[in-house]
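**Student:** Fold the following.
(chains A and B)
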Amino acid sequence: GAGVSQSPSNKVTEKGKDVELRCDPISGHTALYWYRQRLGQGLEFLIYFQGNSAPDKSGLPSDRFSAERTGESVSTLTIQRTQQEDSAVYLCASSRDPLAGGEQFFGPGTRLTVL
Amino acid sequence: RKEVEQDPGPFNVPEGATVAFNCTYSNSASQSFFWYRQDCRKEPKLLMSVYSSGNEDGRFTAQLNRASQYISLLIRDSKLSDSATYLCVVNTGSYIPTFGRGTSLIVHP
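**Tutor:** Just a heads-up that it's a prediction; the model follows:
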């Protein structure tokens, strides 16, 4: 079946612009996660959705970052007034059973470059 | 102490070698454990779950040592295609698993 998809695959933007990153999880997966991975670094947790609710937003690095999920499906991560330090790969993952913990399926990521 | 720690490597081994990685975790209440594989500029993919009794999948063997709070991954008969970063993942029963920073493996001819 279809896996997790993300769009765009690459995004180049100028400092100060807003960007929207999209994630389509696997159908039926109730849990959805966003991570950030800077070059050569590990995964940095950003936010988690259970259904359409985000019980844990603790990883969002600043108030320039926000995310929403609708229809227990697609999610959008928005970064306002982008800064150069926002440059990274943004990964989305979904999970069928959140209490199964680590069994996540990742999308291919969006590579964001802020000039 | 970090929640999940891994030796970043790189581990540089010849084809056919056996190599093992460890991953230590700090929370004794951790309940589930996994190894993921991440190829260069690709997304992480689940390699295998780690069960209390240990488990094997072809050339890969995973083990859990709860007393010492670590998990291990053993790769036998290494292939060039095994070159990747191996991520340890630990979950305490919450919705958010904790990823290690990964161990880099390079298999050379």
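**Student:** residues in contact with the residue nearest the centre of chain A?
**Tutor:** Centre of chain A computed as the mean C-alpha position; nearest residue by Cα atoms, centre = their mean is A:W34, 3.2 Å away. Going by Cβ atoms under 8 Å, 6 or more residues apart in numbering or on different chains, A:W34 touches A:23, A:46-48, A:67, A:75, A:77, A:90-92. Every residue, glycine included, has its C-beta placed from N, CA and C.
**Student:** tell me the two of those that are most distant?
**Tutor:** Comparing all pairs in the contacts of A:W34 by Cβ to Cβ, the longest separation belongs to A:Y48 and A:Y90, at 14.4 Å.
**Student:** if I pick the closest residue to B:T85 other than its chain neighbours, what's in contact with it?
**Tutor:** Spatial nearest neighbour of B:T85, chain neighbours left out: B:G102 (4.1 Å); criterion: Cβ to Cβ, 6 or more residues apart in numbering or on different chains. Residues counted as contacts of B:G102 (Cβ under 8 Å, 6+ apart) are A:42, B:6, B:8, B:38, B:85-88.
**Student:** Go ahead and build a ChimeraX selection from the buried members of those.
**Tutor:** Restricted to buried positions by 16 or more other Cβ atoms under 10 Å in any protein chain shown, the ChimeraX selection for the contacts of B:G102 reads:
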select /A:42 /B:6,38,85,86,87,88
